[in-house]
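Visitor: dropping the sequence and predicted coords here.
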Amino acid sequence: MTEDREHVVDELGAYVLDALDEAERTRVRAHLAVCSVCAERLADYRAVTGTLPFALPPVSPPPEAWTTIHAVVRQRRARAWPRLASGGRWIRVARWSAAAAIVAGLLAWNIMLQRQVWRYAEGPQVEKLARRPGRLVILTGTRQAKASARLFAAVDGHSGHLAVSGLTPLPAGRVYQLWFLRKAAPPASAATFTVDADGRAWVTVSVPGPLDDTRAIVVTEEPAPASPAPTGPRLLEAEHRR
Amino acid sequence: MRERDTAPRASLIADPTGTPEEAIGLRRVVTAALAELPPAQREAIELAYYGGLTQAEIARELGQPLGTIKGRVREAMKRLRVLLRPLMDFGGDPRP
């Protein structure tokens, strides 16, 4: 198989990871539509990404999951019994097949759940970003005891991520807004976001200026889509101590 | 080289009909494959796949040139393709 410059083989790995920007993705997609060589290689890379969730550590399902599983097993058993009553061996086979399917299903469920969890506050990004020479700022809840957030400002000083947990989901028309309260400038909005049903969010942040020129970073509740200046009480905050 | 199916055993994820033993074996193999990558390449894959970042976003996060990140992702995926080939040749059901 040849890999000349017109092919997109070098981009296929990033393509299946969904890590290309829009222009690159469009170019690769257009090429794949007319190139069987790259399309065949694409299948290989899709297979690779298909295995990646298996590297995630399993998590324990909540107790209610077991209740549901037991109910499903009882239903299956009740349905299978009339058909299988004449053959004990087949009953055992059916039970073991059902058990295997349940365990495999649980594992898959764990994998999917873990992938979701990792996108939030306890994710690998957080741990890895925290080890980098960027800046980490911990915001603590002022009104909701379990609310907290971690802001990771990248080394370029302009971008970052905010991992939020423990905030109450908002009604329609309301958003949370992240503010940088600067020492010698008006408050600057860095992001607006909502949280999921579990109170979590993972937000890309536009850092408005050097953290050393910031006296506090706070989150307030504001009317959607955003406020020009903070109007609500502080829900999360971090004060600059130096 | 025989023709391979387009979907590996990882189709277990979307269609959990494989056995627990298969799933456990997959986990071991994939974890080992990722561990064989150089740390910088593994980090790029983790941020792209598990973190959902684009290569440009990874470059910004790490403070590295975009070309460097592209190279890491490219080489990591090439390496994983080789390391995980046994899984893909394992006789998964043909799928569209």
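Guide: Great, that's in hand. The shown structure was predicted, so the numbers you read here are calculated from the model rather than taken from an experiment.

Visitor: got the phi and psi for residue A:44?
Guide: phi -60, psi -50 (degrees, to the nearest 10).

Visitor: nope, residue B:64 is what I was after
Guide: Torsion angles, degrees, to the nearest 10, at residue B:64: phi -120, psi 150.

Visitor: count the residues that sit near it.
Guide: 16 (other Cβ atoms under 10 Å in any protein chain shown). Using the backbone N, CA and C atoms, a C-beta is placed for each residue, glycine as well.

Visitor: who touches it in this structure?
Guide: residue B:58 (Cβ atoms under 8 Å, 6 or more residues apart in numbering or on different chains).

Visitor: who does residue A:206 bridge with?
Guide: Beta-bridge pairing for residue A:206 (DSSP bridges): residue A:159.

Visitor: what about it, distance to residue A:137?
Guide: 15 Å (Cβ to Cβ, to the nearest Å).

Visitor: these two: who's more crowded?
Guide: residue A:137 (18 against 13).

Visitor: and the contacts of the helix or strand hosting the more buried one?
Guide: Element membership for residue A:137, per DSSP states H and E: strand A:135-141. Around strand A:135-141, the neighbours that count as contacts under Cβ under 8 Å, 6+ apart are A:129-130, A:147-153, A:166-167, A:211, A:217-219, A:235-238.

Visitor: below-threshold pLDDT in chain A: ranges please.
Guide: A:1-5, A:56-70, A:72-73, A:76-136, A:152, A:154-157, A:241-242 (pLDDT under 70).

Visitor: what's the nearest residue to the residue of it found nearest chain B if we skip its chain neighbours?
Guide: In chain A, the residue that lies nearest chain B is residue A:13 (2.8 Å; Cβ to the nearest Cβ). Using Cβ to Cβ, 6 or more residues apart in numbering or on different chains and skipping the chain neighbours, the partner closest in space to residue A:13 is residue B:77 (2.8 Å).

Visitor: my guess is the one you found meets residue A:46, correct?
Guide: No: with contact defined as Cβ atoms under 8 Å, residue B:77 does not count as touching residue A:46 (10.9 Å).

Visitor: quick one: common contacting residues for these two?
Guide: residue A:16.

Visitor: okay, the two: which has more neighbours?
Guide: Neighbour comparison, residue B:77 and residue A:46: the larger count goes to residue B:77, with 28 against 17 (by other Cβ under 10 Å).

Visitor: list the contacts of that one.
Guide: Here residue B:77 is in contact with A:12, A:13, A:14, A:16, A:17, A:45, A:48, B:45 (Cβ under 8 Å, 6+ apart).

Visitor: helix, strand or coil: sort out the one residue in chain B that gets nearest to chain A for me.
Guide: Among all residues of chain B, residue B:77 sits closest to chain A, at 2.8 Å; criterion: Cβ to the nearest Cβ. Assigned with DSSP: H, G, I helix; E, B strand; the rest coil, residue B:77 falls in the helix class.

Visitor: any idea how far it is from residue A:55?
Guide: Residue B:77 is 14 Å from residue A:55, by Cβ to Cβ.

Visitor: and what of residue A:48?
Guide: 11 Å.

Visitor: for chain A, just list every one of the strands.
Guide: A:135-141, A:148-153, A:159-165, A:174-182, A:188-193, A:201-206, A:214-223, A:234-239 (DSSP state E).

Visitor: okay, these in JSON lines with distance to residue A:27 next?
Guide: Converted to JSON lines, the strands of chain A look like this (distance: least, Cβ to Cβ, whole Å):
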{"stretch": "strand A:135-141", "distance to residue A:27": "36"}
{"stretch": "strand A:148-153", "distance to residue A:27": "31"}
{"stretch": "strand A:159-165", "distance to residue A:27": "25"}
{"stretch": "strand A:174-182", "distance to residue A:27": "34"}
{"stretch": "strand A:188-193", "distance to residue A:27": "30"}
{"stretch": "strand A:201-206", "distance to residue A:27": "24"}
{"stretch": "strand A:214-223", "distance to residue A:27": "39"}
{"stretch": "strand A:234-239", "distance to residue A:27": "41"}
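
Visitor: hang on, residue A:20 packs against residue A:14?
Guide: Yes: Residue A:20 is within contact range of residue A:14, at 5.1 Å (criterion: Cβ under 8 Å).
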